[in-house]
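Q: Sequence plus the predicted model coming up.
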Amino acid sequence: MISLGILDRNSSVPLHEQLAHGLRAAVLARRVGAGDVVPSTRALAADLGVARGTVVAAYEILAGEGYLLTTPGGGTVVADVVVSPAAARVPSAGATARAPEAEVDLRPGRPRTAGVADTAWRSAWRRAAAVDPESDVDDAAGHPALRVEIARHLGRTRGLDVSAEDVVVSAGTSDAMLLTLVSLMSGSARKPLRVGIEDPGYPRVRMILRRLGIEPVPVPVRVGSGLDLDALERRRGLDALIVTPNHHYPVGSRLDAEQRARLLTWAVREDVLVIEDDYDSEFPHGRAPLPPLSLLDPSRVVLIGSLSKILTPALRCGWVVASGPVGERIRATREDIDLPVSLVQQRALALYLAEGDLARHTARRRRDYRHRRGLLLEAFADVPGVELAATDGGLHAVVLLPGQGVAVEQAIVGELAARGVLVESLSRYAVGGDSPSLPSGIVFGYAEPSTVVLLEAVRVMLAVLRACIAR
């Protein structure tokens, strides 16, 4: 039995976090060594008199942090943690920074993929690959089984009453966006189209519009308050508007219920199609999720989603949900362009969703990311001259630098890269590289590396921020 300290059932700290802390301390104190097998979740739960789910949650936190390794058929063992014990704690104000042993890529958009290929994942792919392949693609909208499961998934997670007939499978968000815009071009007499986009916003949206010859019309997004609806209502002659109302990328603001109603009222009045990127809806942190715009007006809104943040962008699988004449044009366009996602992959994902494995994986990741978020909030709490934003959801954070210019922002990004920590400058997301409503800052993801590596990188980040701001 590992000495884990006393679990305080009267504490405000959840039992699984107390247990994780005790196990982490045992690893760092070398009371257990690399390769040692830890007790099974059932055995440890019985010894401690807690629910098995409490131990499972604690093990998941430590596996995400890199302290434990789960091997198929071999149980859970202690990892070979090579950093110092101090590196595994939240950086303090007086801590001395040192560069990570290897380059750490904290550019946003990268979920943690370690542990995705568990027993359920391998089983779904094995069974999907064991079936003789189809002689051709019968339905360009996607495999019927996957479309059914996507509709059920959206019903469970987003409260949408979606028909499988309204679902079109895509190769991720970019393909879904391209498909929707091409279908819009085919149904419009105006050339070129004019599409409203968020400023700042996702750079790839601007690239797609440019490739299609569509005129982008920037609409300001304010830190804290979201899309500037006053500015939007002054725009005239738009064919569509692309928005991320749930968790704006990158500044993290969202549209509240009143703002959503106002946006849709404007869209009806101006006859504008709304393309809703349901970005980061899977990972709300500390706030209740709001219903998608498409729930409020399914005939006016095209919903785009993907498995990129739940699983990995490398999977290249997502969906478009559209009904009525807009949905018919999108499905006709998909027929013309053809289906870009393998049917073997679609069968595997249909099994993975149908058996509840995606939901279980998402719940594990939600606990892991929420724990990482807490560590970041603690690390940045007392750093003068900076403000941590965009942490109410998703997998990234924004370090705002009030009163600083773009030169300081660029200097911080360059200095971090020189020390082996890769992040993005906030100005990169502004249309034209500059936005009067956008403060200076840096954007970084916190999901991909182990927590040990993440906190080592945060230690470097804090030292660079303090030095650059002081100068």
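A: Done, it's in. Numbers count the residues shown, from 1 in each chain.
Q: which element follows the longest helix along the chain toward the C-terminus?
A: Among the elements of the chain assigned as helix by DSSP state H, the one spanning the most residues is helix 357-380. Scanning forward in sequence from helix 357-380 by DSSP states H and E, the next helix or strand is strand 387-389.
Q: Can you list the strands that that following strand pairs with?
A: Strand 387-389 has these partner strands in its sheet, going by DSSP bridges: strand 396-400 (antiparallel).
Q: List the buried residues of the very next helix or strand once past the partner strand.
A: Tracing the chain past strand 396-400, the next element assigned as helix or strand by DSSP H and E is helix 406-418. If you call a residue buried by 16 or more other Cβ atoms under 10 Å, then helix 406-418 has these buried ones: 406, 408-409, 411-413, 415-416. C-betas here are computed from N, CA, C, even on glycine.
Q: So what angle separates the directions of the longest helix of the chain and strand 396-400?
A: 20 degrees (axes from the mean of the first three to the mean of the last three Cα atoms, to 10 degrees).
Q: Tell me the helices and strands packed up against helix 357-380.
A: Counting by 3 or more Cβ pairs under 8 Å, 6 or more residues apart in numbering; DSSP states H and E, the packing neighbours recorded for helix 357-380 are helix 52-65, helix 119-129, strand 387-389, strand 396-400, helix 451-470.
Q: can those go into a markdown table with extra columns for distance to Ala332, mean pLDDT and mean neighbour count?
A: Written out in a markdown table, the entries for those read as follows (distance: least, Cβ to Cβ, whole Å; pLDDT from 0 to 100; neighbours: other Cβ atoms under 10 Å):
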| stretch | distance to Ala332 | mean pLDDT | mean neighbour count |
| --- | --- | --- | --- |
| helix 52-65 | 44 | 84 | 22 |
| helix 119-129 | 28 | 96 | 15 |
| strand 387-389 | 42 | 93 | 17 |
| strand 396-400 | 36 | 95 | 23 |
| helix 451-470 | 46 | 90 | 21 |
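Q: Any chance of a markdown table for those, columns distance to Asp175?
A: Conversion of the helices and strands packed on helix 357-380 to a markdown table gives the following (distance: least, Cβ to Cβ, whole Å):
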| stretch | distance to Asp175 |
| --- | --- |
| helix 52-65 | 30 |
| helix 119-129 | 21 |
| strand 387-389 | 30 |
| strand 396-400 | 22 |
| helix 451-470 | 30 |
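Q: Among the ones you listed, which comes closest to Gly75?
A: Ranking these by proximity to Gly75 (Cβ to Cβ) places helix 52-65 first, at 10.8 Å.
Q: Touching that closest one from outside, list them.
A: 15-17, 19-20, 23-24, 27, 38, 41-42, 44-45, 48, 68-70, 76, 88, 112, 114-115, 364, 367-368, 371-372, 450-452 (Cβ atoms under 8 Å, 6 or more residues apart in numbering).
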